[in-house]
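Undergrad: Kindly generate the corresponding structure for this input.
(one chain, ligands or ions: 1)
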Amino acid sequence: MPFTTTLRGCVAATLMILAAPVIAHAAGAHDGGHGGIHGQPATASAASRTVEVIMHDNYYEPEAISVRAGETIRFKVRNAGALVHEFNIGTAQMHAEHMPEMQMMVDHGVLKADRFDREAAKAMSKAMGHSMDHDYANSALIEPGKSAELIWTFPKNTEVRLDFGCTVPGHYESGMVGSFEFDAGS
Ligand SMILES: [Cu+2]
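TA: Okay, the predicted model is just below:
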């Protein structure tokens, strides 16, 4: 069953991250830029509509977004806060699994409260031998005053409970999470 397989793959990826965070990051094993139970990345031409999201310290506007099964949405996300925020599509479990990695970026001075330190990221990349760009298809890490676009195809399985959350340390815990609600009519 694909669902089970994906879930197991995800758990395996998490264990890998705990054991060797940087290598797992390099391989992009974490979110699977290839899709999973949470959906998959898409191109703008596949999007049926655009949804605008504004990020504040520490909450999203709107806090809930209706989606249809299998729908592709282009998200225009703007950070109107004073802190760096993330728009990350996934399950609560995926978000929890992503947190240690974000904490690691904070520990290495790459992720500051109000900016992403590219020099520190470069230094860390050099030391680790791979990119620390934090480039995942299902998430966007956005500095204050900046915007980003994310195009995402939602799964056909509407049983999957999906959220958009910010895994910058402390933010998710303080309530920076919103919910995707599947339209009953979809
Ligand atoms: Cu945040």
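
Undergrad: going forward, measure contacts between C-alpha atoms and count neighbours the same way
TA: OK.

Undergrad: where's stretch 58-65 relative to the chain centroid, distance-wise?
TA: 15 Å (CA atoms, centre = their mean, to the nearest Å).

Undergrad: cool, and stretch 66-82?
TA: On CA atoms, centre = their mean, the centre of stretch 66-82 falls 12 Å from the chain's centre.

Undergrad: now check it, is it near the ion?
TA: No - using CA under 5 Å from the ion, stretch 66-82 stays clear of the ion, with a minimum separation of 8.8 Å.

Undergrad: State whether residue 151 is indeed within a strand.
TA: Yes - with the criterion set as DSSP: H, G, I helix; E, B strand; the rest coil, the secondary structure at residue 151 is a strand.

Undergrad: any idea how far the nearest residue to it once chain neighbours are set aside is from residue 67?
TA: Once flanking residues are discounted, residue 151 sits nearest to residue 74: 4.4 Å by CA to CA, 6 or more residues apart in numbering. When CA to CA, to the nearest Å is applied, the distance between residue 74 and residue 67 equals 12 Å.

Undergrad: cool, residue 104 as well?
TA: 33 Å.

Undergrad: higher neighbour count, these two?
TA: More neighbours surround residue 67 than the other of residue 104 and residue 67, with 18 against 15 (other CA atoms under 10 Å).

Undergrad: got the contact list for the one residue in the chain that gets nearest to the ion?
TA: When scored by CA to the ion, the chain has residue 85 as its residue closest to the ion, at 3.6 Å. Residues near residue 85 by CA atoms under 8 Å, 6 or more residues apart in numbering: 55, 79, 141, 142, 143, 144, 166, 168.

Undergrad: Test for you: state the pLDDT assigned to the first one.
TA: Just to be clear, that refers to residue 55. Reading off the confidence values, residue 55 has pLDDT 98.

Undergrad: Please shift the residue numbers so they start at 657 in all later answers.
TA: From this message on, residue numbering opens at 657, which makes the last subject residue 711.

Undergrad: List phi and psi for residue 717.
TA: Here the main-chain torsion angles of residue 717 (degrees, to the nearest 10) amount to phi -130, psi 110.

Undergrad: rewinding a little: quick check: the gap between the residue of the chain closest to the ion and residue 721.
TA: 18 Å.

Undergrad: Likewise for residue 749?
TA: According to CA to CA, residue 749 stands 19 Å off from residue 721.

Undergrad: same question, residue 744
TA: Residue 744 sits 14 Å away from residue 721 when distances are taken as CA to CA.

Undergrad: Perfect, I'm done here.
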